[in-house]
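1. kindly generate the corresponding structure for this input.
(one chain, ligands or ions: 2)
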Amino acid sequence: MKIDGDMLIGATRLHGAEGDIHAIDPRNGERLAPAYGGGGPDEVARACALAAAAFDAYRETSLAARAGFLETIAQNILDLGDDLIERASAETGLPRARIEGERGRTVGQLRLFAEEVRRGDWLGLRFDTPSPERRPAPRPDLRLRHIPLGPVAVFGASNFPLAFSAAGGDTAAALAAGCPVVVKAHSAHPGTSEMVGCAIRAAVAACGLPEGVFSLLFGAGSSMGTALVAHPAIKAVGFTGSRRAGVALMATAAARAEPIPVYAEMSSINPVFLLPVALAARAPAIAAGFVASLVLGAGQFCTNPGLVLAVGGPDLDRFLTEAAAAVAAAPATTMLTPAIHAAYDAGRLRLGAHAAVATLAEGRPAQGPFEGRPALFATDAAQFLADPVLQEETFGASSLVVRCPDVATLRAVAERLDGQLTATLQMDAGDLDDARALLPVLERRAGRILVNGYPTGVEVGHAMVHGGPFPATSDSRTTSVGTLAIRRFLRPVCYQDLPQALLPAALRDGNPLGLARSVDGVPIVAPAI
Ligand SMILES: NC(=O)C1=CN([C@@H]2O[C@H](COP(=O)(O)OP(=O)(O)OC[C@H]3O[C@@H](n4cnc5c(N)ncnc54)[C@H](OP(=O)(O)O)[C@@H]3O)[C@@H](O)[C@H]2O)C=CC1
Ligand SMILES: O=C(O)CCC(=O)C(=O)O
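-> Ligands and ions are numbered 1, 2, ... in the order given. Now for the predicted structure:
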């Protein structure tokens, strides 16, 4: 597919005039054509006006039509074929197989949301039956459904050019909810974004939807991204990236005349707790699994295991020997962008130079210009607690092991951790009491708790939570992966004593759409239709 470097503002292609953006192939540092013209306030205003104009029509599309739209996007992405795989690989340095897997996840995610939309449970229909005879006051007829919030701004993530970008989880969830979407493409993969944007735009046209359902903008985050979040038509924001940018967007959203929710997924170091019985029984196997997770994708996952906590002693020493050997044997790997590589190297060198930190191993030296060397560091619990810098995310394949004198200290350290996306326990049956004591702490700290696995690799499903307390995310009540993510873009509306003719179909007597509902607090499953 030919790419032009244009923004997609509804059905119009437009080349921005606010400075050129070039993707860089991080495998060799070469600039990739074409140049993408950055947009400014005019393009933001145009995309937002179209999105606002599309909202009422789009949000009242039938569930079947909306699901069909999501499925058409999925098919159109697949139809981009190898061009998409090659471009995404060139723009990110991620290998083909990874991009192919990510495309499968992206398409699967859209299809899962299509099923979710059709089922309609997310409308959360509730009925309180009226009681005109009730004294002292009659009870009104109350009916509740959830409606979409309005146009959503989505920021593509550098580390998932497909699954967390133009047609990624935030876009899929917002479109499923009935919200038009304006994407601010990540400047690292504009070509991939344009291709996927075209696939969405073609689906908009094929499904007969208003053009403003989807727009794609290019431009600098700090100017155009900020203008997008500040625009009055935008009613919510989905973001995956750095804590700095996420916090800036939260501040912009909070300072608006009408503040709006920002769902930002930011930084997490994903602690892995090695409990004593498991460590004694299988230190080498745990080390092998841990290092595999650490170096996966050059460590460029927000679920990367950046912190390990264990009780010091010979069993931990065995783990460290094995893990250090595996890290030392691991190759340096191309990182997503020159800036991400530079930030990783700076973080790795800062940790290595920290007076309270020992360098246990570094991976093989870099061969290419933007390759990151894996690294493993160690400190002890007292030092870790004394310096908050040691809790900061080093985005890449770097991890810090914290030696604790006993299990009570392990728990005390857990109490002091920032909010996390995940917390992992390596445990055997003999660790159950320690695990039970840790669990309430981990529940307060993390969105997902795993046993005997590793945090990288997030399953897209109905029970997944990819979220957690700040700074893992800006709103711990939600998830950015899985069908529950649709809730971020909905709000409840109660209809009191409306005549049947005025009620939305989902709330009319006789359940004409055949949807699940609760009546006077009692759930009633959807009839099979
Ligand atoms: N938690 C996670 O999953 C991830 C964390 N990161 C962290 O982020 C670092 C940088 O990576 P990157 O992906 O570029 O992440 P950034 O957070 O820097 O950028 C993400 C998006 O936000 C935009 N942006 C940047 N600053 C602002 C701002 N002040 N106001 C509004 N929008 C802004 C960027 O625009 P522009 O296109 O102009 O850059 C980009 O579109 C990594 O080194 C890593 O530490 C990265 C990826 C994922
Ligand atoms: O590991 C995953 O599948 C998702 C991770 C993620 O959200 C991220 O790295 O930004």
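2. which SSE is the residue of the stretch 1-150 of the chain found nearest ligand 2 in?
-> Distances between the stretch 1-150 of the chain and ligand 2 by Cβ to the nearest ligand atom are smallest at R105, namely 7.7 Å. Backbone N, C-alpha and C define where each C-beta goes, glycine included. Element membership for R105, per DSSP states H and E: helix 96-119.
3. list the contacts of the helix or strand that comes right after that helix.
-> Going down the chain from helix 96-119, the next helix or strand is strand 126-128, by DSSP H and E. Counting by Cβ atoms under 8 Å, 6 or more residues apart in numbering, strand 126-128 makes contact with 139-144, 507, 517-520, all of which sit outside it.
4. can you tell me the closest non-neighbouring residue to the residue of the stretch 1-150 of the chain closest to ligand 2?
-> A163 (4.8 Å; Cβ to Cβ, 6 or more residues apart in numbering).
5. and the gap between that neighbour and ligand 1?
-> Using Cβ to the nearest ligand atom, to the nearest Å, A163 is found at 12 Å from ligand 1.
6. from what I can see that residue touches G169, true?
-> Yes: the pair A163 / G169 is scored as a contact, 6.5 Å apart, by Cβ atoms under 8 Å.
7. any shared contact partners between these two?
-> Q109.
8. among the two, which residue is more densely surrounded?
-> The neighbour comparison of A163 against G169 (other Cβ atoms under 10 Å) goes to G169, with 29 against 24.
9. touching, that one and S480? I think so.
-> Yes: assessed by Cβ under 8 Å, G169 is found in contact with S480 at 5.7 Å.
10. ok so, going back, would you turn the contacts of strand 126-128 into TSV with pLDDT?
-> Listed next are the contacts of strand 126-128 as TSV, based on pLDDT from 0 to 100:
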residue	pLDDT
R139	97
P140	98
D141	98
L142	98
R143	98
L144	98
L507	98
R517	96
S518	97
V519	97
D520	97
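11. of those, closest to V493?
-> Of all those, the one sitting nearest V493 is L144; the distance, using Cβ to Cβ, is 6.9 Å.
12. now find how far off-centre the lowest-mean-pLDDT helix or strand in the chain is within its chain.
-> Lowest mean confidence among the helices and strands of the chain (mean pLDDT, DSSP states H and E): strand 522-524, at a mean of 94. When distances are taken as Cα atoms, centre = their mean, to the nearest Å, strand 522-524 is centred 32 Å away from the chain's centroid.
13. not counting it itself, show me its contacts.
-> 516-518.
14. go through that strand and flag the buried ones.
-> By neighbour count with 16 or more other Cβ atoms under 10 Å, strand 522-524 contains no buried residues.
15. hmm, back to that, buried among the contacts of strand 126-128? Make that a PyMOL selection.
-> In PyMOL, a selection of the buried entries from those looks like this (16+ other Cβ under 10 Å):
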select buried, resi 141+143+144+507+517
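16. tabulate the contacts of strand 126-128 (JSON lines), appending secondary structure and distance to V413.
-> Output for the contacts of strand 126-128, formatted as JSON lines (DSSP: H, G, I helix; E, B strand; the rest coil; distance: Cβ to Cβ, whole Å):
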{"residue": "R139", "secondary structure": "strand", "distance to V413": "53"}
{"residue": "P140", "secondary structure": "coil", "distance to V413": "53"}
{"residue": "D141", "secondary structure": "coil", "distance to V413": "54"}
{"residue": "L142", "secondary structure": "strand", "distance to V413": "49"}
{"residue": "R143", "secondary structure": "strand", "distance to V413": "50"}
{"residue": "L144", "secondary structure": "strand", "distance to V413": "44"}
{"residue": "L507", "secondary structure": "helix", "distance to V413": "51"}
{"residue": "R517", "secondary structure": "strand", "distance to V413": "47"}
{"residue": "S518", "secondary structure": "strand", "distance to V413": "43"}
{"residue": "V519", "secondary structure": "strand", "distance to V413": "49"}
{"residue": "D520", "secondary structure": "coil", "distance to V413": "48"}
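17. alright, that wraps it up for me.
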